[in-house]
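# have a look at this prediction, sequence included:
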Amino acid sequence: MTPLGAVAVELSAAADDWERAVFAVRLPEAWRGASADAARAQHARLVDVGGGLLDRARRLAAVLADVAAREPFDDARLADALARAARSEPAAVGPAADGPAPASVAHWWAGLPARERLVLERPELVGALDGLPASARDRANRARLAATRDATETELAELTRARDAVRGPGELQDVEVRLAAVTARLGRILAIDTAAAGRMLLALDPASGRAAIGIGDVDMARHVGVFVPGFTARAEDLPARTAELAALTGPGVAAVAWYDYAAPQWPEVLDPARSVLGTRAATVASTRLASFLDGVAPGAHVTAVGHSYGSLVVAQAAATSHAVDDVVLLGSPGVTPLPRQPTWVAEARLDPVADAGWFGPDPNGLPDARPLATTGATGHDEYLRPGGTSAANVAAVVSGRPGDVSADRTVGVGDRLRDLLPG
């Protein structure tokens, strides 16, 4: 067995051990009280999160096994990167910082003699790799989504029947907690399914609800805009968000709703590793985003669009990505440094987040930033409202029409205060 094949076997075995350790646990039915309630809630969360970790581990194991089976394998760089990615910290989401480069993945894919068979037989492999054609990832991820939806609906039906058959309050509580977790997971799956109808499903983590959805023909587009949401973004938002992004597209222009990261949520505000007040969640996400940007549309004009906390993710990803041509920051709470690419900044009237300067200087006030008019938009959430000036300006940048941009720098309350205060 090759070293790469051995890593695949080890990773599969570790995933099996994790599944037994987490999913086989049953808390004592007789355990009562606040501690028992907290333990059951935490275990339900562990099961839900653990499903996503298992999915990613098995997906990577499939990649390794497939590469190891195709000998002689002459792309040593990709083989080594995959092996190192398999040994990355288990908390990492998606490709590791030293994972396979999208260009290497594309080279590997181009040399495969039976790519369609791989899409059908290894959808967990194809759907996850940055650098593969959007059409191939879409077909693979749709197959995975359909299978996951069927399995989750079956699990929900089984738990519903189990609830009707329980005998004691402790057992009932245990079933109810599991039922709530599965119901929430099914809701995320259905939201992704709805948003992906008639579009391209470019990334998928069924357990967590992370996904990336392309609007338009991403493979053939000359211009591609990749939108990254911010604080409280969830899979349930995808149907409405993709409808907004559809207005940015047109002939030769595609857009992507990149919800393939764990955006900070309200319950995590006090968690240093996940808080919207810190940069760690953005840093983890930026590695994934940079890889996606480098592989999504080779040769196309790529614009990275970040809203709110997502602007921090975009700024960090743009610092390492080789594919980003333009950056758009919407309602940004500050970034450091300003991306090296041409950077367009939109600040709506009465948007307190855009004046926060929490993560660095307000980009709206920096001399190198290119202001976008936001006439008619108010507050933090109207930047992509169809028919609005802000959305039209974003569409002009994404489609490579800078001459059609209407420029106007909104001066907010925070800007005026900074002008008045010394230092």
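The structure has been received and is ready for your questions. Everything numeric here is computed off the predicted structure, so don't read it as measured data.
# quick check: domain ranges of the protein?
Domain ranges of the chain: 3-185, 209-420, per automatic domain parsing.
# how about these, which one is nearest residue 192?
Closest approach to residue 192 among these (C-beta to C-beta): domain 209-420, 4.8 Å. The C-beta positions use only the backbone N, C-alpha and C, and glycine is treated the same way.
# list the contacts for the residue nearest to the spatial centre of the chain?
Central residue of the chain (C-alpha atoms, centre = their mean): residue 260, 1.0 Å from the mean position. Residues near residue 260 by C-beta atoms under 8 Å, 6 or more residues apart in numbering: 94, 203, 205, 210-212, 288-289, 292.
# so what pLDDT did it get?
Residue 260 is assigned 95 on the pLDDT scale.
# so how far is residue 377 from it?
27 Å (C-beta to C-beta, to the nearest Å).
# for residue 349, same thing?
Residue 349 is 7 Å from residue 377, by C-beta to C-beta.
# more neighbours, these two?
With neighbours defined as other C-beta atoms under 10 Å, residue 349 and residue 377 compare such that residue 377 has more, 25 against 16.
# how about the strands in the stretch 201-350 of the chain?
All strands of the stretch 201-350 of the chain, identified by DSSP state E, counting those that start in this stretch, fall at 210-215, 223-228, 253-259, 301-307, 324-330, 343-346.
# what's the angle from the second one to strand 324-330?
Orientation of strand 223-228 against strand 324-330 (axes from the mean of the first three to the mean of the last three C-alpha atoms, to 10 degrees) gives an angle of 40 degrees.
# who does strand 223-228 touch, helix- and strand-wise?
Judged by 3 or more C-beta pairs under 8 Å, 6 or more residues apart in numbering; DSSP states H and E, strand 223-228 is in contact with helix 238-246, strand 253-259, helix 280-296, strand 301-307, helix 309-318, helix 389-398.
# got the buried residues for the fifth one?
Using 16 or more other C-beta atoms under 10 Å as the test for burial, helix 309-318 gives 309-318.
# go on, stretch 294-311?
294-297, 300-311.
# I'd say residue 335 and residue 319 touch.
No - with contacts counted by C-beta atoms under 8 Å, residue 335 stays clear of residue 319, the gap being 9.9 Å.
# more neighbours, these two?
Neighbour totals were compared for residue 335 and residue 319, and residue 335 leads with 29 against 15 (other C-beta under 10 Å).
# look up the closest residue to the more buried one, ignoring the ones flanking it.
residue 315 (3.9 Å; C-beta to C-beta, 6 or more residues apart in numbering).
# next one: that neighbour from residue 323, what distance?
Taking C-beta to C-beta, one finds residue 315 at 15 Å from residue 323.
# OK, contacts around the spatially closest residue to residue 318 that is not a sequence neighbour?
Leaving aside its chain neighbours, residue 318 sits nearest to residue 339 (4.1 Å; criterion: C-beta to C-beta, 6+ apart). By C-beta under 8 Å, 6+ apart, the contact set of residue 339 is 314-315, 318-319, 324, 327.
# check what pLDDT residue 339 gets.
Listed pLDDT for residue 339 reads 93.
# roughly how far apart are it and residue 185?
Taking C-beta to C-beta, one finds residue 339 at 36 Å from residue 185.
# repeat for residue 33
With C-beta to C-beta as the criterion, residue 33 and residue 185 are 27 Å apart.
# who's more crowded, the two?
Just comparing residue 33 and residue 185: by other C-beta under 10 Å the higher neighbour count belongs to residue 185, 23 against 8.
# what's near enough to touch residue 261?
So residue 261 contacts 93, 210, 228, 281, 284-285, 288-289, 313 (C-beta under 8 Å, 6+ apart).
# pull the most distant pair out of the residues you listed.
By the measure C-beta to C-beta, 93 and 228 form the most distant pair in the contacts of residue 261, at 14.3 Å.
# more neighbours: these two, which one.
Neighbour count, other C-beta under 10 Å: between residue 93 and residue 228, residue 228 has more, with 32 against 18.
# show the pLDDT at the more buried one.
Looking at residue 228, its pLDDT stands at 98.
# same thing with residue 93?
Model confidence at residue 93 (pLDDT) stands at 35.
# swap in residue 175?
90.
# thought it was touching residue 162?
Yes - taking C-beta under 8 Å as the definition, residue 175 is a contact partner of residue 162 at 5.4 Å.
# more neighbours: those two, which one.
residue 175 (18 against 15).
# any idea how far the closest residue in space to that one that isn't next to it in sequence is from residue 152?
Nearest residue to residue 175 in three dimensions, chain neighbours excluded: residue 163, at 4.8 Å (C-beta to C-beta, 6+ apart). According to C-beta to C-beta, residue 163 stands 16 Å off from residue 152.
# those two: who's more crowded?
Between residue 163 and residue 152, residue 152 has the larger neighbour count (other C-beta under 10 Å), namely 21 against 15.
# so the more buried one sits in a strand?
No - judged by DSSP: H, G, I helix; E, B strand; the rest coil, residue 152 forms no part of a strand; its state is helix.
# so the residue nearest to it when sequence neighbours are not counted, which of the three states?
Excluding its sequence neighbours, the residue lying closest to residue 152 (C-beta to C-beta, 6+ apart) is residue 186, at 4.8 Å. Classification of residue 186 by three-state DSSP places it in helix.
# take stretch 191-198, keep the C-alpha atoms, and write them as CSV.
Presented in CSV, the C-alpha positions along stretch 191-198 are these (Å, rounded to 0.1, in the frame of the first residue of the first chain):
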residue,chain,number,x,y,z
ALA,A,191,-33.5,25.8,2.2
ILE,A,192,-30.4,24.9,0.2
ASP,A,193,-32.6,22.7,-2.1
THR,A,194,-34.9,25.7,-2.7
ALA,A,195,-32.1,28.1,-3.3
ALA,A,196,-30.3,25.7,-5.7
ALA,A,197,-33.3,25.1,-7.9
GLY,A,198,-32.3,26.1,-11.5
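# tell me which residues of it come out buried.
191-193, 195-196.
# need those in JSON lines (columns: pLDDT and distance to residue 14).
Converted to JSON lines, those look like this (pLDDT from 0 to 100; distance: C-beta to C-beta, whole Å):
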{"residue": "191", "pLDDT": "98", "distance to residue 14": "31"}
{"residue": "192", "pLDDT": "98", "distance to residue 14": "28"}
{"residue": "193", "pLDDT": "98", "distance to residue 14": "31"}
{"residue": "195", "pLDDT": "98", "distance to residue 14": "33"}
{"residue": "196", "pLDDT": "98", "distance to residue 14": "31"}
